[in-house]
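A.B. asks: Just the structure for this:
(one chain, ligands or ions: 2)
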Amino acid sequence: MERKCGECHACCITLGIEDLNKPKDTPCPHLKTCGTRRCGIYDTRPGECADFACAWKRGFTKARYRPDRCGVLFYASESTFGSSLVAAEMWAGASSRGDGAIAVAQASSECHDSGLHLLIRTAAEGVET
Ligand code: SF4
Ligand code: SF4
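C.D. replies: Ligands and ions are numbered 1, 2, ... in the order given. Reported below is the predicted structural model:
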């Protein structure tokens with residue numbers, strides 16, 4: 001069963017959204033700063049947004065390692081290496097410290113067992129969250 005995003009809005013910052021011309025690691029201009037529903041155009045949001053579910057939402061790792069809490073957003077991707085799991089940092093160093101590092105270690109082990117490539121995408125210093 002899929003988890004609920006709750007207050008998380010990590011993908012609305014970390015991912016690039018082609019339909020909106022939104023670059024990676026930049027808060028979406030439609031993000032609302034308060035309220036339980038964070039998307040200001042929820043009913044008309046692009047399909048890219050509506051269809052996205054990160055690995056945590058699909059059940060990967062412990063509930064406490066939600067992307068906005070552990071600082072690492074995991075998602076499936078087809079890359080030049082083949083089927084991959086991307087670990088995108090929400091802030092610089094998130095994948096090598098604390099809960100983020102624990103989640104990455106778990107991902108590394110699971111990718112090794114399942115033949116997936118683990119790609120770590122580091123964040124630039126000063127990424128706004
Ligand atoms: S990063 Fe995952 S849990 Fe967070 S809002 Fe996006 S889909 Fe939901
Ligand atoms: S349009 Fe809405 S769901 Fe899509 S990135 Fe922006 S705030 Fe998030």
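A.B. asks: Centre of the chain to the longest helix anywhere in the chain, how far?
C.D. replies: In the chain, taking DSSP state H as the definition, the longest helix is helix 98-114. Relative to its parent chain, helix 98-114 has a centroid offset of 15 Å by Cα atoms, centre = their mean, to the nearest Å.
A.B. asks: Give the buried residues for that helix.
C.D. replies: Applying a neighbour-count criterion of 16 or more other Cβ atoms under 10 Å, one finds 99-104, 107, 111 buried in helix 98-114. Yep, even glycine has a C-beta here, placed from its N, CA and C like the rest.
A.B. asks: That one - contacts with which helices or strands?
C.D. replies: Under the contact criterion of 3 or more Cβ pairs under 8 Å, 6 or more residues apart in numbering; DSSP states H and E, helix 98-114 touches helix 67-70, strand 72-79, strand 82-89, strand 117-121.
A.B. asks: Distance check, the most centrally placed residue in the chain against Arg66.
C.D. replies: Residue closest to the average C-alpha location in the chain (Cα atoms, centre = their mean): Leu73, at 2.8 Å. As judged by Cβ to Cβ, to the nearest Å, Leu73 and Arg66 stand 10 Å apart.
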